[in-house]
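Enquirer: following is a predicted model, sequence given first.
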Amino acid sequence: MWNDLKTGIVILAAGNSSRLGQPKQLLAYKNTTLLKNTIKAALSVPDSIIIVVTGSNSEIIEKSLNSDEIKICFNSDWQKGMSTSIAKGLKELLLLCPDCESCIFAVCDQPYLTTAIFDDLIHHYKNNEKGIAASAYSETLGTPVLFNKKYFHELLELEGHEGAKKIINCFIDDVIAVPFEKGNIDIDTIEDYEKLF
């Protein structure tokens, strides 16, 4: 149904990993880092624009990235919550690609995120009449999640620690659920990280 204009992929990497005690974005994983693992998955998605939103520890995180392939933007309001990073990334996307039809929001601490997960979201979105394609795991819907541009205004209106899940829940009748095995595994503590190995 939707045409083949570029898909934005906004990777939210601004948090301070308070429960972990060190930047989770830079944790070693698969001969790279958690954040680079997510970026690598996104870079293999055809016709996509990749934006990484940084905040806490931005200098060391940005130094670790090759910014030729991606757009990095710094969210100076990162301490005010996830909503500010969503808005920052989306505004940057619309500057780069004003006619962008859809945007995927992803986080950097889902180690089992692959290109295939992104591709599945886009495939289900394009082959259904729904405006939102959300990952399904552990009886919930969450990231990564794709939104049609008709939801961009709602995303920009989020406040504080509100995230994409608020919009998923508000417009649940317009959501297609896309299975993401192991999507429930994310890295919040050192114990979470140690379980990966």
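Expert: Ah, there it is.

Enquirer: show me what contacts Leu20?
Expert: By C-beta atoms under 8 Å, 6 or more residues apart in numbering, Leu20 lies in contact with 27, 187-190, 193. (Each C-beta comes from the backbone N, C-alpha and C, glycine too.)

Enquirer: one more time with 7 Å
Expert: Contacts for Leu20 (C-beta atoms under 7 Å, 6 or more residues apart in numbering) come out as 188-190.

Enquirer: what's the helix or strand for it?
Expert: Using DSSP states H and E, Leu20 is not contained in any helix or strand.

Enquirer: please report phi then psi for it.
Expert: The phi/psi pair for Leu20 (degrees, to the nearest 10) reads phi -90, psi -30.

Enquirer: do the same with Ala136
Expert: According to degrees, to the nearest 10, Ala136 has phi -110, psi 130.

Enquirer: am I right that it is in contact with Ile176?
Expert: No. Assessed by C-beta atoms under 7 Å, Ala136 is found out of contact with Ile176, at 9.3 Å.

Enquirer: ok, then the element right after the lengthiest strand in the chain?
Expert: Ordering each strand of the chain by length in residues (DSSP state E) puts strand 140-148 first. For strand 140-148, the succeeding helix or strand toward the C-terminus, using DSSP H and E, is helix 152-156.

Enquirer: average pLDDT across that next one?
Expert: Helix 152-156 carries an average pLDDT of 97.

Enquirer: dump it to CSV, restricted to CA.
Expert: The C-alpha coordinates for helix 152-156 follow below in CSV (Å, rounded to 0.1, in the frame of the first residue of the first chain):
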residue,chain,number,x,y,z
PHE,A,152,4.8,12.0,13.4
HIS,A,153,2.8,14.7,15.0
GLU,A,154,1.9,12.5,18.0
LEU,A,155,5.5,11.4,18.3
LEU,A,156,6.7,15.0,18.5
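
Enquirer: what does the next helix or strand after that helix contact?
Expert: Downstream of helix 152-156, the next assigned helix or strand under DSSP H and E is helix 164-170. For helix 164-170, contacts defined as C-beta under 7 Å, 6+ apart pick out 86, 105, 132, 134, 141-143, 145, 151, 154-155, 158, 175.

Enquirer: mind listing what's buried along helix 164-170?
Expert: 164, 166-168 (16 or more other C-beta atoms under 10 Å).

Enquirer: same question for stretch 107-124.
Expert: 107-114, 117-118, 120-122, 124.

Enquirer: ends of it, what's the gap?
Expert: 20 Å (C-alpha to C-alpha, to the nearest Å).

Enquirer: over to stretch 169-185?
Expert: Using C-alpha to C-alpha, the two ends of stretch 169-185 sit 21 Å apart.

Enquirer: off-centre distance for stretch 172-190?
Expert: 11 Å (C-alpha atoms, centre = their mean, to the nearest Å).

Enquirer: same thing with stretch 150-167?
Expert: Distance of stretch 150-167 from the chain centroid (C-alpha atoms, centre = their mean) equals 13 Å.
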